[in-house]
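*Asks:* predicted structure and sequence below. I'll ask about it afterward.
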Amino acid sequence: MKGSFMTLTEIKTKAKGLGVKPGKMKKTELIHAIQLAEGNFDCFGRAGGDCDQMACCFRDDCLGTAK
């Protein structure tokens, strides 16, 4: 997914694949749950433009750098 924003449907599918139940979670809450399920920090939207997590599939969306 590098280089593009993930849709909410794609995010929910990813969550379900990791055993996270999306329920009525908002996008940011769901991404945080996915990050934790993957063993990462739940840092989406909190990086302030500085992120060293190059392999994170949400990086472009988080930093607003998607093409």
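*Replies:* Alright, I've got the coordinates. Numbers count the residues shown, from 1 in each chain.

*Asks:* going forward, measure contacts between C-alpha atoms and count neighbours the same way
*Replies:* Noted.

*Asks:* so how far is the lowest-mean-pLDDT helix or strand in the chain off the chain centroid?
*Replies:* Using mean pLDDT, DSSP states H and E, helix 59-63 stands out as the lowest-scoring helix or strand of the chain, at a mean of 85. Its chain's C-alpha centre and that of helix 59-63 lie 8 Å apart, by Cα atoms, centre = their mean, to the nearest Å.

*Asks:* also stretch 57-67?
*Replies:* With Cα atoms, centre = their mean, you get 9 Å for stretch 57-67.

*Asks:* list the buried residues of it.
*Replies:* Within stretch 57-67, the residues that count as buried by 16 or more other Cα atoms under 10 Å are 57-63.

*Asks:* related to what we said a few turns ago, for the least confident helix or strand of the chain, name the packing helices and strands.
*Replies:* On a contact count with 3 or more Cα pairs under 8 Å, 6 or more residues apart in numbering; DSSP states H and E, helix 59-63 meets no helix or strand.

*Asks:* can I get it in PDB? Just the C-alpha atoms.
*Replies:* Extracted C-alpha coordinates of helix 59-63, given in PDB (Å, rounded to 0.1, in the frame of the first residue of the first chain):
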ATOM      1  CA  ARG A  59       3.300   5.900   7.000                       C
ATOM      2  CA  ASP A  60       2.200   7.800   3.900                       C
ATOM      3  CA  ASP A  61      -1.300   8.400   5.200                       C
ATOM      4  CA  CYS A  62       0.000   9.500   8.600                       C
ATOM      5  CA  LEU A  63       2.500  12.000   7.200                       C
END
